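>>> Coordinates for the following, if possible.
(2 chains)
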Amino acid sequence: MIGSGVLKGMAVTARNFVGSYFDKERLITVQYPEERNPLPENYRNFPFLLYDGDDPHAGLRCVACKICEKECPPQCIYIVKSDDKKPDYMGKPQFYPKVFDIDISVCMSCQICVEVCPFEAIKMDKDFELSRRERFEALLLRKEELSKSNDYYHKICPTDAPEVDAKLAEAAAKKKPAPAAAAPTPTSVPAA
Amino acid sequence: MSATVQTLEAIERPPVSMGSRLEGELLEVSMGPQHPSTHGVFRMNVALEGEVVRKLKPVFGYLHRNHEKLGENMSYLGSMPYTDRLDYFCSMTNNWAYALSVEKLAGIKVPERAEYLRVILAELTRLQNHASLLGFLLNDMGAWGTPLMYAFREREKILDLFESLSGSRMMCDYMRFGGCRCDTPPGWMERAKQIVDRFPHFIDDLEQLVVGNEVVIGRTQNVGILSPDLAINAGIAGPMLRASGVNYDIRKVDGYGFYPRFKFRIPLGEHGDTYDRLMMRVLEMRESLSILKQAFEQIQPGPIMNPKVKIRAFRPPVGEAYGRIEGPKGELGFYLISDGGQNPYRYRVRPPSFVNLTVLEDLCLGHTVADVMVILGSVDIVMGEVDR
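So this is what the prediction gives:
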């Protein structure tokens, strides 16, 4: 009969329409700013720099090795190495980034900087509410804005963060028996 | 199959007569690039005789972003997130095709669990791509929104799976040469199984909505017939080729990944018209579900990454490789030439939607303007991949 196919289709839409009021699984919208869906552990949105302890400068794990700057596909990281050194979490004197900028209008959250970092110094953030009133300066995140504490990392990644801590503690324990190894290495201070 | 497809040479364009003769004159219309049904920024210059298409010239390049040249100036790892942006509906299969060609180039083995995960993710991608394609196609036919929203509801569940696995819904950037980036979070497999178990309800609904619908049949049957000869000569691949009745599926032909371990059938069309192309997607979704069910049974815990592979400063030996997979839209291949350096010497993408689009004129000639949209929808293009 002509029209029976259309009627069958109507039955589907009617079933879906009624179901959208009664089916528990279908009622999935949340009133966003007040209510929020939990983000998955692996969710990633823009990188940040980790520091241990309370002082963002003293505890910063980044040693300005510039590997992330080199590997970043859209080249959104800009690093200037420091002239002096500061002790890292194992007490070994290391360089630190004098300037560490990430242009988040260029960054595509691909996580490659996190993967290539040998010092567990850069991690992916979960902050997605990043609207700004200005296009250029406001979207260029400086070292001060990027530095976030290890406690914050524990808060956003409750599974990954303890694993990272354990890995670092293990590396520190391995290094400890030979403190002589921490002797100053030949410095190559850039002229700048 | 025996339908006559008019070729361009057969059409005589009437001479320009300075407006003295109204009858028989061709009217040139520029459709797109801002047309809502062109699935992105795609433009067609159509020459019309009344309402009938007499000539059609596709215009590409509005979304060109130098993908291949970027790949040649980027480390092998750096190109991986860019492959997500080719066909942004199927980033997982794009990742796999690129990873496969690099693995071929450098001779890398992939652990078993990673191979199974790749199959699972590729088939989930196929499900969500075909579901959203059917939604868009029905949208183009005038079923405003409803089937598209049903499709997107299912797609959203699969995208949530991708998000909890890779961290991003669409730009997954999940696979690496020699495996995958991270293992599945706890409970992920169970969620995936649940979604796959419920997916047939959606396909049933969609079939009931579409298959017998007189409007859909009227709009799609005998519209845009692609003959098997033309399909083979033009290098068409994927569901579009199989809808014309050519039995060619790279999952069977190449047997890449672990596909030879699964039992599945290849649906084939008979007429090669838009209706066959539409139904091909429905049938393929059912086969994907059966592959997924087998994969969930066979997958075992184990390592996910080949430990010998260096991600950073990766230098494959000198040589060339072409890795291809059966993407949801057709044969997706990456051709790489290595000169031993950190960047590929040549990086070439064989995009399925671009190649499938080349026969658009042959499909559309002799049909009305309204059919052009339906035919274009059934080709299944994503402009990110066409223009690269």
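>>> Not counting sequence-adjacent ones, nearest residue to residue B:320?
Across the structure, with C-beta to C-beta, 6 or more residues apart in numbering or on different chains as the measure, the residue nearest residue B:320 apart from its sequence neighbours is residue B:337 (4.5 Å). The way it works is simple: take the backbone N, C-alpha and C, and place the C-beta from them, glycine included.
>>> in what helix or strand does the one you found lie?
Using DSSP states H and E, residue B:337 sits within strand B:330-338.
>>> Counting by contacts, list what that strand packs against.
Strand B:330-338 is packed against helix B:91-106, helix B:239-243, strand B:319-327, strand B:346-350, helix B:352-357, with contacts defined by 3 or more C-beta pairs under 8 Å, 6 or more residues apart in numbering or on different chains; DSSP states H and E.
>>> got the CA coordinates for it in PDB?
Extracted as PDB, the C-alpha positions of strand B:330-338 are listed here (Å, rounded to 0.1, in the frame of the first residue of the first chain):
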ATOM      1  CA  GLY B 330      37.000   4.100   1.000                       C
ATOM      2  CA  GLU B 331      40.600   3.300   0.500                       C
ATOM      3  CA  LEU B 332      42.700   5.700   2.600                       C
ATOM      4  CA  GLY B 333      46.400   5.400   1.900                       C
ATOM      5  CA  PHE B 334      49.500   7.200   2.900                       C
ATOM      6  CA  TYR B 335      52.600   7.100   0.700                       C
ATOM      7  CA  LEU B 336      55.800   7.900   2.400                       C
ATOM      8  CA  ILE B 337      59.300   8.200   1.100                       C
ATOM      9  CA  SER B 338      62.100   8.300   3.600                       C
END
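>>> Just the angle for it relative to helix B:91-106, thanks.
Orientation check (axes from the mean of the first three to the mean of the last three C-alpha atoms, to 10 degrees): strand B:330-338 against helix B:91-106 gives 40 degrees.
>>> What pairs with strand B:330-338, parallel or antiparallel?
strand B:319-327 (antiparallel), strand B:346-350 (antiparallel) (DSSP bridges).
>>> which of those sits most buried?
When neighbours are counted by mean count of other C-beta atoms under 10 Å in any protein chain shown, the highest per-stretch mean among the strands paired with strand B:330-338 falls to strand B:319-327, a mean of 21.
>>> starting at the chain centroid, how far to that strand?
The chain centroid and the centroid of strand B:319-327 are separated by 16 Å, computed with C-alpha atoms, centre = their mean, to the nearest Å.
>>> Residue ranges in the chain under the pLDDT threshold?
In the absence of a named chain, this looks at chain A. Judged by pLDDT under 70, chain A has its weakly predicted residues at A:175-192.
>>> Actually, chain B is the one I wanted.
Segments of chain B classed as low confidence (criterion: pLDDT under 70) are B:1-24, B:36-38.
>>> In contact with residue 138, which residues?
In the absence of a named chain, this looks at chain A. By C-beta atoms under 8 Å, 6 or more residues apart in numbering or on different chains, residue A:138 lies in contact with residue A:132.
>>> oops, I was thinking of chain B
Under the criterion of C-beta under 8 Å, 6+ apart, the contact partners of residue B:138 comprise B:147-148, B:209-210, B:216.
>>> Can you give me every residue that contacts residue B:369?
Shown in contact with residue B:369 (C-beta under 8 Å, 6+ apart): B:29, B:31, B:46, B:48, B:51, B:53.
>>> just the buried members of the residues you listed?
For the contacts of residue B:369, a burial check counting by 16 or more other C-beta atoms under 10 Å in any protein chain shown picks out B:31, B:46, B:48, B:53.
>>> ok, the last one touching residue B:367?
Yes. Using C-beta atoms under 8 Å as the test, residue B:53 is close enough to residue B:367 to be in contact (5.8 Å).
>>> since we're on residue 74, how many residues are nearby?
No chain in the question, so chain A it is. 16 (other C-beta atoms under 10 Å in any protein chain shown).
>>> Can you look at chain B instead?
Close neighbours of residue B:74, defined as other C-beta under 10 Å, add up to 21.
>>> likewise the one 5 residues further on?
Residue B:79 has 23 neighbouring residues, counting by other C-beta under 10 Å.
>>> mind listing what it touches?
Neighbour list for residue B:79: A:73, B:70-71, B:98, B:344, B:347 [criterion: C-beta under 8 Å, 6+ apart].
>>> Identify the residue nearest residue A:73 in space, chain neighbours excluded?
The shortest distance from residue A:73 to any residue other than its chain neighbours is 4.0 Å, reached at residue B:78 (C-beta to C-beta, 6+ apart).
>>> residue contacts, residue B:346?
Contacts for residue B:346 (C-beta under 8 Å, 6+ apart) come out as B:72, B:320, B:335-337.
>>> Roughly how far does residue B:156 sit from residue B:296?
Between residue B:156 and residue B:296 the computed distance is 21 Å (C-beta to C-beta, to the nearest Å).
>>> re earlier: quick check: of the contacts of residue B:346, which lies closest to chain A?
Looking at the contacts of residue B:346 and their distance to chain A, the nearest is residue B:72, at 13.1 Å (C-beta to the nearest C-beta).
>>> Can you show me the strands along chain B?
Assignment of strands within chain B using DSSP state E yields the ranges B:27-31, B:43-49, B:52-59, B:175-176, B:179-180, B:319-327, B:330-338, B:346-350.
>>> So for residue A:123, which of those sits nearest?
With respect to residue A:123, and counting by C-beta to C-beta, the nearest of those is strand B:175-176 at 18.4 Å.
>>> Residues in contact with the closest one: which ones?
Judged by C-beta under 8 Å, 6+ apart, the contacts made with strand B:175-176 from elsewhere in the structure are B:77, B:80, B:92, B:95-96, B:98-99, B:118, B:181, B:305, B:309, B:311.
>>> switch the cut-off to 10 Å
Residues from elsewhere that reach strand B:175-176 (C-beta atoms under 10 Å, 6 or more residues apart in numbering or on different chains): A:115, B:77, B:80, B:83, B:91-100, B:102-103, B:108, B:110, B:114, B:117-118, B:121-122, B:166, B:181-182, B:304-306, B:309, B:311, B:314.
>>> Show me what the longest helix along chain A is packed against.
Of all the segments assigned as helix in chain A under DSSP state H, the longest by residue count is helix A:4-22. Judged by 3 or more C-beta pairs under 10 Å, 6 or more residues apart in numbering or on different chains; DSSP states H and E, the packing partners of helix A:4-22 are helix B:146-166, helix B:188-210, helix B:214-220.
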